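Asks: coordinates only, sequence not included:
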């Protein structure tokens, strides 16, 4: 398919949880890897970014799950870019069945570029970075800030070395491992429907943060946020589950 990156996977035991469903963090890692691989295919890989001290980061992410793939199932991850918006690079994703007849997951994200030294965003044209977007008609809405819920619980957390990626901060996929461990839904086998994520500030190795949790009255949605010692929000994550 023109302008669309595709990569097949067959789910291994390490990819799934105790319910034999794909782990949320693994799914997000596959989406992240698809975006990076496609960007390289489009000629905007590490020679134009990482090797020049420029990092790709995600600002906002939206994910809609129709059905989670299961152990040993063969699927295909698809990804394609949208039209660049000033400093933001929209990107869309799908997880589909091996033959493409079933769409299981749809997602969108806003990527941007960060200066490795100053940790500030950069304008892509200053570095000759340009990605042509495409329209398939299957794009979901772009992500926005997740709707908050009142906090009822909190838990301290310190970022371990194993959570840090080559950008020097906690990898975005690890936020979903935190959610699985802290929230009761996955442990009870509840089906995740929708995810909204906002990454506000980097979280570094050995950085102590406070994780704050909130739940809606229906028991079908949860809100997880990370704050530093001054109360500044570092990330926000809303998860909505099937009844």
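Replies: On my side now, so go ahead. Quick caveat: nothing in here was measured; it's all calculated off a predicted structure.

Asks: how far away is residue 209 from residue 31?
Replies: As defined by Cβ to Cβ, to the nearest Å, residue 209 lies at a distance of 24 Å from residue 31. Heads up, the C-betas are built off the backbone N, CA and C, glycines and all.

Asks: and these two? which has more neighbours close in?
Replies: Set residue 209 next to residue 31 and count neighbours by other Cβ atoms under 10 Å: residue 31 wins out with 26 against 21.

Asks: so the more buried one makes contact with residue 109?
Replies: Yes. Using Cβ atoms under 8 Å, residue 31 is in contact with residue 109, at 7.5 Å.

Asks: For the nearest residue to residue 93 once chain neighbours are set aside, which residues count as its bridge partners?
Replies: In space, residue 93 comes closest to residue 107 once its chain neighbours are excluded; the distance is 4.1 Å by Cβ to Cβ, 6 or more residues apart in numbering. Counting by DSSP bridges, residue 107 forms beta bridges with residue 63, residue 93.

Asks: Tell me which residues touch residue 107, please.
Replies: 31, 61-64, 92-94, 140 (Cβ atoms under 8 Å, 6 or more residues apart in numbering).

Asks: Not counting sequence-adjacent ones, nearest residue to the residue minimising distance to the centre of the chain?
Replies: Nearest to the mean C-alpha position of the chain, counting by Cα atoms, centre = their mean, stands residue 28 at 4.9 Å. Closest residue in space to residue 28, ignoring its immediate chain neighbours: residue 173 at 4.4 Å, by Cβ to Cβ, 6+ apart.

Asks: Run a quick neighbour tally on the one you found.
Replies: 21.

Asks: Against which helices or strands is the helix ranked longest in the chain packed?
Replies: In the chain, taking DSSP state H as the definition, the longest helix is helix 24-41. Packing partners of helix 24-41 (3 or more Cβ pairs under 8 Å, 6 or more residues apart in numbering; DSSP states H and E): strand 5-10, strand 54-65, strand 74-81, strand 89-97, strand 103-115, helix 174-182.

Asks: for that helix, what is the average pLDDT?
Replies: Averaging pLDDT along helix 24-41 yields 95.

Asks: which residues are in contact with it?
Replies: Surrounding helix 24-41, the residues in contact under the criterion Cβ under 8 Å, 6+ apart are 5, 7, 9, 15-16, 45-46, 56, 58, 61, 63, 68, 77-81, 91, 93, 95, 105, 107, 109, 111, 131, 172-174, 176-177, 179-180, 186, 192, 195.

Asks: Done for today, thanks.
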